[in-house]
Structures are given as C-alpha cells and as structure tokens.
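>>> Need coordinates for the below:
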Amino acid sequence: MSYIPHTVSTVVMEVAAESPQETDLLSCSLQEAEEQMELINREYRKVLMKIETQKLELAPKTRSLFNLERHIESMRRTAACRKERLDPLHLAMDKLSFANNAYRDNAIKHSFLEEQEIDYRRLNFKMNHGRKSFQIERRLLSEIKTKEGKGSNTTDSLPPLEVIESKVSLV
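Take a look at the predicted model:
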C-alpha cells in the first residue's frame, strides 16, 4: 500500500490543473482517495494485529502438539524394539509348554541363547512355581523324606503336617 504524502498531492494538483475549478475537483478527489487509503491502512493494521495475536495464542499449543507427536513416535519405536526382543522368548516359552501342538515335534532353536544350553528342568520349574528357589524346595523335600524314612515309631518327633506345609508355602 503506497501512501502519497500531502505535499506531493498538492504539487500534482498544481501541475495538472489549469483552472481553479479543476484544482478544487482534483483536491477533493485526492482527499477522498487519501481518506480511503487511510481507512484501508487502518483495516490492514487491524487484520495484521489480529493475525499476530492469534499466532501468539497458538504458538504454545503447536509446540506442545509437536512434542506430543515426537513422544508418541518415540514410544512406538520403543515398543517395536521391545517386541523384537521378546518374540523369540515367547516362541521358546510356547514350545516349552507345548500349548501349541504345531511345535511338539520341532526342535527349539537357540537363537536367543548363543552360548548357554537350556536347562529344561529349571525352566519348567520356574514356569510352574514362579520365583521360588529350586534348591530350597529340594532341601525341604529331602528333609521330609528323611524324617519319613525313620520309621513309624518316630512319628512323635516329627513336626505336625501344618508346620511342614507352612514352611513349603513360605519359600
């Protein structure tokens, strides 16, 4: 938007007009044009101010949206990596439990265990008993067997069955 200064418009009027009536007509039309230009400039500044305020209001929201999108993408990559690590373990667990008959005749591939052999007894024990120690349970069972093997006369020296069961359940 170009604005014609007042001094330039009067110079243009004086050069272009030869009679005083033409000068008055030109000055009126130039003043109207200048007023319209002023109005247009004011409206233009108002629109620019509204746009700037909306940009300022939306800037934090767009930043947080961008950060959320990055966080979601990061979570997707993390989930994909974890799934890749867990897939062979799930397959091996499925093969060990024989829940799926398709694996019954196939051998287990040791892709996730490079140097170690699979101890099937310990894996089966952990699947059945959780985190209980295998050695502690074996020791309790051997104590029970030794006390049972002493004979029927020594039943008075044995602790009650509830005590033995509580020991086994605590472990």
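
>>> low pLDDT regions in the chain?
Counting by pLDDT under 70, the chain has low-confidence residues at 1-21, 98-134, 150-158, 170-171.

>>> Would you map the helices across this structure?
According to DSSP state H, the chain carries its helices in the segments 6-16, 20-97, 120-129, 134-149, 161-170.

>>> can you put those helices in a markdown table and add mean neighbour count?
No exception for glycine: its C-beta is placed from N, CA and C like everyone else's. Shown next, in a markdown table, are these (neighbours: other C-beta atoms under 10 Å):
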| stretch | mean neighbour count |
| --- | --- |
| helix 6-16 | 12 |
| helix 20-97 | 11 |
| helix 120-129 | 12 |
| helix 134-149 | 12 |
| helix 161-170 | 11 |
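
>>> Show me how this protein divides into domains.
What automatic domain parsing lists as the domains of the chain is 6-97, 132-170.

>>> and the gap between Glu22 and Glu35?
Applying C-beta to C-beta, to the nearest Å, the value for Glu22 to Glu35 is 20 Å.

>>> repeat for Arg45
Note on Arg45: its distance to Glu35, by C-beta to C-beta, is 16 Å.

>>> next one: Asp24
The value you get for Asp24 to Glu35, if C-beta to C-beta is used, is 16 Å.

>>> Then Pro60?
Distance, Pro60 to Glu35, using C-beta to C-beta: 40 Å.

>>> One more: Met49?
Distance, Met49 to Glu35, using C-beta to C-beta: 21 Å.
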